[in-house]
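Student: Build the 3D model from these lines:
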Amino acid sequence: MLYLRSPVSGNPVSAEAGQLSALVSGPEAAFRAVSPLMSTFCHAQTWLGEGEQARFAKLAINLMIAVSAGMMAEALSLARSGDIDWQDMLNLMENSAVGSPMVKYKCAPLKERDFTATFSGRQMAKDLDLNLDCARGAGVPIPLAAQMRETYSAIIASGDGDSDYIATVRHEERLAGLGDAAVAARP
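Tutor: I've put the predicted structure just below:
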């Protein structure tokens, strides 16, 4: 029996739309055999090698998502302290050079201040623990992961652990002494 490692990148909405990305490692022949099946629920399947490459790739992608959430939180708080309208700043983030698919995906619920979890802060903390363990084993320093893990510890301790991982925004607002941003756009 052949075994593949095949974590996916995406969320429940991506899964329902068949827009997941499969990160695959293991025997290449097995990958080629299951690729047509995977294409029914994944828009992209990438074979990465015979070993643990899929695990490392998934951890690396989730590290980028965690750090991006922290980046968005700090940018939004800085913009608010500069008297930039919440909706205006989210529109700028979506339509500027930083408007990655992840940023665009998270701007939509942030416009409504909706922190309903598609991937919770607790889940992100768990993934960051996995990242840190993997990096220690590989001898790779990842200080941003360590910093974000501490951020998620604080988010969980403040009662926001079951909220979406983008609750980094509320956490940063608390640290900056900012209240909830107004949801309504200016006329």
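Student: got the domain boundaries for this protein?
Tutor: Recorded structural domains for the chain (assignment: automatic domain parsing) are 8-51, 55-176.
Student: Show me where the chain dips below the pLDDT cut-off.
Tutor: Segments of the chain classed as low confidence (criterion: pLDDT under 70) are 182-187.
Student: all helices of it, in order?
Tutor: Here the chain has its helices, by DSSP state H, at 12-16, 28-38, 53-81, 86-95, 101-111, 121-138, 143-157, 168-176.
Student: hey, C-alpha coordinates of the first one in PDB?
Tutor: C-alpha atoms of helix 12-16 as PDB (Å, rounded to 0.1, in the frame of the first residue of the first chain):
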ATOM      1  CA  PRO A  12     -14.600  25.300   4.500                       C
ATOM      2  CA  VAL A  13     -15.700  27.900   1.900                       C
ATOM      3  CA  SER A  14     -12.800  27.000  -0.400                       C
ATOM      4  CA  ALA A  15     -13.700  23.300   0.100                       C
ATOM      5  CA  GLU A  16     -17.300  23.800  -0.800                       C
END
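Student: buried stuff in that helix?
Tutor: Residues of helix 12-16 classed as buried: Ser14 (neighbour count, 16 or more other CB atoms under 10 Å). Using the backbone N, CA and C atoms, a C-beta is placed for each residue, glycine as well.
Student: How about the fifth one?
Tutor: Residues Met102, Val103, Tyr105, Lys106, Cys107, Leu110, Lys111 are the ones in helix 101-111 that count as buried (16+ other CB under 10 Å).
Student: Looking at these, which is nearest Tyr152?
Tutor: The shortest approach to Tyr152 among these belongs to Lys106, at 15.7 Å (CB to CB).
Student: Pull the number of nearby residues for Tyr3.
Tutor: For Tyr3, the tally of surrounding residues (other CB atoms under 10 Å) stands at 9.
Student: what's the closest non-adjacent residue to it?
Tutor: Spatial nearest neighbour of Tyr3, chain neighbours left out: Gly26 (5.7 Å); criterion: CB to CB, 6 or more residues apart in numbering.
Student: Pop out the phi and psi values for that neighbour.
Tutor: The phi/psi pair for Gly26 (degrees, to the nearest 10) reads phi 130, psi -170.
Student: about what we covered before: just so I know, which of the helices of the chain lies nearest Arg5?
Tutor: If we rank the helices of the chain by CB to CB, the stretch that ends up nearest is helix 53-81, at 3.9 Å.
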